[in-house]
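Participant: Next come a sequence and a model predicted from it.
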Amino acid sequence: MMAEECVYERPVGLMAAHTHYCPGCTHGIAHRLTAEVLEELGILGRTIGVASVGCSVFAYNYIACDFVGAAHGRAPAVATGLKRVLPDRIIFTYQGDGDLASIGLGEVLHAAARGEQITVIFINNAIYGMTGGQMAPTSPAGMVTTSSPTGRDPRQTGYPVRVCELIAQMDGAAYVARRSLHNPAEIRKAKKTLRTAFECQMNGCGFALVELLSTCPTNWSMTPVDALRWIEERMIPVFPLGEFKNVAGGKVEG
Amino acid sequence: MARELLKGNEAIAEAAIRAGLDAYFGYPITPQTELLEYLSRRMPELGRAFVQAESEVAAINMVYGAACAGKRAMTSSSGPGISLMQEGLSYIAGAELPAVVVDVMRGGPGLGNIAACQSDYFQVTRSAGHGDFRPLTLAPATTQEAIDLTGLAFDLAEQYRMLVILLIDGNLGQMMEPAELPPFRQNAAPMPEWVVSGAEGRSHRIITSLYLQPEALERHNLNLQKKLAAIAEREQRFAGLYLEDADLIVVAFGSAARVAQNAVEAARARGMAVGLFRPITLSPFPMQPLAYLAPRARAFLVVEMNAGQMVEDVRLAVAGRAPVRFYGRLGGVEMLPDEVMQAIEQAMRDTRVTKNGARMLDAEVWR
């Protein structure tokens, strides 16, 4: 009789909780990847997460490390406070686009400018999910949302903010990359990228940010499958995937 | 330890260091900036955390983060910066974190000016942010008392897992006077069981102010109120001068109390039965001692460097049992003892007891 071989199981870092996320939402994938990476790097027990305001406010109900809930947009400042007094711990934030790219843009830019030794996981689904689908700073032009009912008109509401491109030019940023969660190949790349971002902090290289293009089928009014296609067709042209900065391996000067 | 000539802001900074300050996060604003400058030198010297934040919003959230780790964290600012910090102050209160905030008041509203003022009494004592809470507020009147209360602020913050605000004005922040610093404290207290530090060997911990279920949030709020009630019971502090036989009691806090004290001493020298009641805790306000004095004095005169804010708390404590008058200067104008003396004389003239025992009508006296 052949011995059973386990090829897939729940990571230790992921709790057996019923999901509160909508069907087809990719937060669950991002949570799982984060938990897998923390476990594989052996840092789960010395990691502190900072949850933000939005759908992922309950990230602490899924990822089995110590967690702190931050005010809207302020997670990088909270993470700064934690890291400065606990320099040997691993500190990460988990923030959506309304949180990070709108109300919290100042906090994330300055954390990057200071070269804070933290890891930022940035979920970009082009929309405010929890409040019911309003236009976000990352909504592509033409996108219909509950606060841009005729489609985002750049003449009235401006253009999407490309966070990676913005952060990558800060001297304090050591690792900046954008990945997508819309197919298995990209999900595998996303995991590798998250791993690099945490290793960056473990090696004291500086500030690391990983942007993950994600779906919101409920507020996009799409099926989960159509939502995955929408990432490929409508988001990636605006938010190209790739590494925007990687100075890992060498400490940031200054 | 010997007495030294110390500037208020720097004395508070050094007192915080000696009380075991682990981390300071701040943003420049007059008239508190010396506090930040002093700590930018001293904290790295001692291997402790210092960050000049990009805004007061960020600074208070850095305090929140460091406090989550069970570290002694502090920030300082003035009215406009405290306004920006209110979000973070509310989260600190909601998550029941110990933290110390120094507010060196200036003139307002808006950009106002940088002169000493007491116009943020409401802002700080009423809640200092959204939601149902009150921070503990300490109001020293001298550099020495500021030093002493800085140490007490950290103790109270940790004892009650509570936001403590040290409220002074630009006079106390900028003025130099002799004072004695305490020795360095040995910070040997064990880490409390609620701090986040990494979940190795134990179940993971969460620090949040989110309670989505109304019943759970009500329970949380009732616990906060219970704690505030215990604080109100135990921590009311005040200083009194000539209260035993005072017909008229002057009530003032902070540097206004020092001006008022000059006037009270002068009145006593002229044989007038005037006393001084100086609240040291503004929140909890010393209701009990004032309520005790209410039927024993003929009248109260509240003196503030604002348009009349603490006077509302005095009226609540006195509860109509004696008239309460107010005298104040606004916009950062320095109040002089002579002006207070005039207000005292006027109040004494107006408070003769009538044949039917009624005391003076409660009319505000404006300059």
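Facilitator: Perfect, thanks for sending it.
Participant: Quick one: name the residues of the stretch 101-250 of chain A near chain B.
Facilitator: Selection of the stretch 101-250 of chain A residues close to chain B by C-beta under 8 Å from any C-beta of the partner chain yields A:106-107, A:110, A:114. All C-beta atoms are positioned from the backbone trio N, CA, C, and that covers glycine.
Participant: which of those tops the neighbour count?
Facilitator: Counting by other C-beta atoms under 10 Å in any protein chain shown, A:Glu107 has the largest number of neighbours within these, with 30 neighbours.
Participant: ok, it - contacts?
Facilitator: By C-beta atoms under 8 Å, 6 or more residues apart in numbering or on different chains, the contact set of A:Glu107 is A:73-77, B:54, B:57-58, B:61.
Participant: Can I get these in CSV including distance to B:Gly88, pLDDT and secondary structure?
Facilitator: Putting the contacts of A:Glu107 into CSV (distance: C-beta to C-beta, whole Å; pLDDT from 0 to 100; DSSP: H, G, I helix; E, B strand; the rest coil) gives the following:
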residue, distance to B:Gly88, pLDDT, secondary structure
A:Gly73, 11, 98, coil
A:Arg74, 7, 98, coil
A:Ala75, 12, 98, helix
A:Pro76, 13, 98, helix
A:Ala77, 8, 98, helix
B:Glu54, 14, 98, coil
B:Val57, 7, 98, helix
B:Ala58, 9, 98, helix
B:Asn61, 5, 98, helix
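Participant: can you pull out the strands in the stretch 1-150 of chain B?
Facilitator: Assigned by DSSP state E, counting those that start in this stretch, the strands in the stretch 1-150 of chain B fall at B:3-7, B:23-26, B:49-52, B:73-77, B:99-105, B:136-138.
Participant: between the ones you listed, which gets nearest to chain A?
Facilitator: Closest approach to chain A among these (C-beta to the nearest C-beta): strand B:49-52, 4.0 Å.
Participant: Any residue of the closest one touching chain A?
Facilitator: Yes: for strand B:49-52, a contact with chain A is found by C-beta under 8 Å from any C-beta, at B:49, B:51.
Participant: Which residue ranges of the stretch 151-300 of chain B form strands?
Facilitator: Residue ranges of the strands in the stretch 151-300 of chain B, as given by DSSP E, counting those that start in this stretch, are B:163-169, B:176-180, B:206-207, B:238-241, B:248-251, B:274-279, B:281-283, B:299-304.
Participant: what about B:Gly131, how many residues close to it?
Facilitator: By the criterion of other C-beta under 10 Å, B:Gly131 has 14 neighbours.
Participant: give the contact list for it.
Facilitator: B:Gly131 neighbours (C-beta under 8 Å, 6+ apart): B:90, B:93-94.
Participant: Could you give the number of residues near A:Arg46?
Facilitator: Neighbours of A:Arg46 using other C-beta under 10 Å come to 18.
Participant: Over to B:Ile231?
Facilitator: 19.
Participant: Repeat that for B:Gly308.
Facilitator: By other C-beta under 10 Å, 17 other residues sit near B:Gly308.
Participant: Check the secondary structure at it for me.
Facilitator: coil (DSSP: H, G, I helix; E, B strand; the rest coil).
Participant: what's it sitting at in phi/psi?
Facilitator: Here is the backbone geometry of B:Gly308 (degrees, to the nearest 10): phi 110, psi 90.
Participant: Against A:Phe67, how distant is it?
Facilitator: 45 Å (C-beta to C-beta, to the nearest Å).
Participant: got it, and B:Met305?
Facilitator: In terms of C-beta to C-beta, B:Met305 sits 44 Å off from A:Phe67.
Participant: quick one, which of those two is more surrounded?
Facilitator: In this view B:Met305 and A:Phe67 are compared by other C-beta under 10 Å, and B:Met305 has more residues nearby, 30 against 26.
Participant: so how far is B:Gly240 from the nearest residue to that one once chain neighbours are set aside?
Facilitator: Leaving aside its sequence neighbours, B:Met305 sits nearest to B:Gln118 (C-beta to C-beta, 6 or more residues apart in numbering or on different chains; 4.1 Å). B:Gln118 is 20 Å from B:Gly240, where distance means C-beta to C-beta.
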